[in-house]
Every structure is written in C-alpha cells, then in structure tokens.
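Chemist: No sequence on hand, only this structure:
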C-alpha cells in the first residue's frame, strides 16, 4: 500500500521504494544512498522541518547496514503532525551515506553515534569522529559480527 508521501514522490518522479507502514501507521520509505542528500533537501522543502531522531542498525551478520531517519512535518495549527521514516542502506565493506547535517543540524551527534557504533561514514559531516568510544578503539561494537576484545588481555591482567 502506497502512502501519501510515496504518492507525492512518484508524482514528481523521485525514485524511492515504499516499505509500507510501521505498527503506528507511519509510512516507511527506502532511499538509495546516492539519492539521499537531494531527497533530504526535497523533504525539508516539502515541510519535513523536524528530524525527530536518527539511528542505525546492522541488518544481519555480513549484510547491509541501515541508517534510519524519523522526520516530522510540523505546521502551525495542525494537531496531528505528519511523520515519515526513511531508511538508507549501505554495504558493510564501505558504508557511506551522505550526512543530513546540512539539512537538519540536530542530526549531528546522532550520526556520530551511528559512526562510532557501526562504522557508517556520513559524507560531509563536519565533525565525524567517535563520540562514545575512545578514539583508539578498534572496530564497531554494534555490528553483529563484532568480536569484543578481551579486556584482561588488553590490560595485561591475569
């Protein structure tokens, strides 16, 4: 079933894939990584002026990584704001997605956390560096195939 935003995107020739609706009835769309920046700008101009949250997850061991954006269209006098969920997938070997920072500044720390935990590089992010783990940390702790270092071997303790 196609939602309101998906129908609007189709009408304007914007390539995407509808993933249906989540349990709250929020429309979910898949956008190709190479199209994400231009579509983010289009969504902002269309009225999705608030980035509620951004997160990322490992789809499956050895598989794709996903960056998820929850956007809200806030308008004066509207009791029920329109929401949409955007998923952008990236290959595990070189996970690169254009940063949404220059569209929604509030994504700053959220994209940094996704980078820190899963290794997704957000192109053109102004401060993309680790935010939770020490700069010297090796690997991406939330990847399903991550093998945690043995703390006692690192510390030289017995």
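Modeler: Looks like it arrived, so ask away. Please read all numbers here as calculations on a predicted model, not as lab measurements.

Chemist: Pull up the gap between residue 95 and residue 147, please.
Modeler: To residue 147, residue 95 is 18 Å away according to CB to CB, to the nearest Å. All C-beta atoms are positioned from the backbone trio N, CA, C, and that covers glycine.

Chemist: whoops, I mixed them up, residue 99
Modeler: Distance, residue 99 to residue 147, by CB to CB: 29 Å.

Chemist: Pick out the residue nearest the middle of this structure.
Modeler: The residue lying closest to the centre of the chain (CA atoms, centre = their mean) is residue 67, at 2.6 Å.

Chemist: Tell me if I'm right that that one and residue 97 touch.
Modeler: Yes - under the criterion of CB atoms under 8 Å, residue 67 makes contact with residue 97 at 5.2 Å.

Chemist: Show me which of residue 95 and residue 147 is the more surrounded one.
Modeler: Per other CB atoms under 10 Å, whichever of residue 95 and residue 147 has more neighbours is residue 95, with 23 against 7.

Chemist: got a list of what that one touches?
Modeler: Neighbouring residues of residue 95 by CB atoms under 8 Å, 6 or more residues apart in numbering: 65, 118, 119, 120, 121.

Chemist: Show the buried residues in those residues.
Modeler: Buried by 16 or more other CB atoms under 10 Å: 65, 118, 119, 120, out of the contacts of residue 95.

Chemist: Am I right that the second one is in contact with residue 58?
Modeler: Yes - using CB under 8 Å, residue 118 makes contact with residue 58 at a distance of 6.3 Å.

Chemist: who touches both of those two?
Modeler: Shared contacts of residue 118 and residue 58 (CB under 8 Å, 6+ apart): 65, 142, 143.

Chemist: how about the helices of this structure, start to end?
Modeler: 4-11, 36-46, 108-118, 151-155 (DSSP state H).

Chemist: Ok, which of these comes nearest residue 134?
Modeler: Residue 134 sits nearest to helix 108-118 of all the helices of the chain, at 10.2 Å, using CB to CB.

Chemist: How far off centre is that closest one?
Modeler: Offset of helix 108-118 from its chain centre (CA atoms, centre = their mean, to the nearest Å): 9 Å.

Chemist: Can you name every helix or strand that that helix contacts?
Modeler: strand 50-58, strand 65-73, strand 121-123 (3 or more CB pairs under 8 Å, 6 or more residues apart in numbering; DSSP states H and E).
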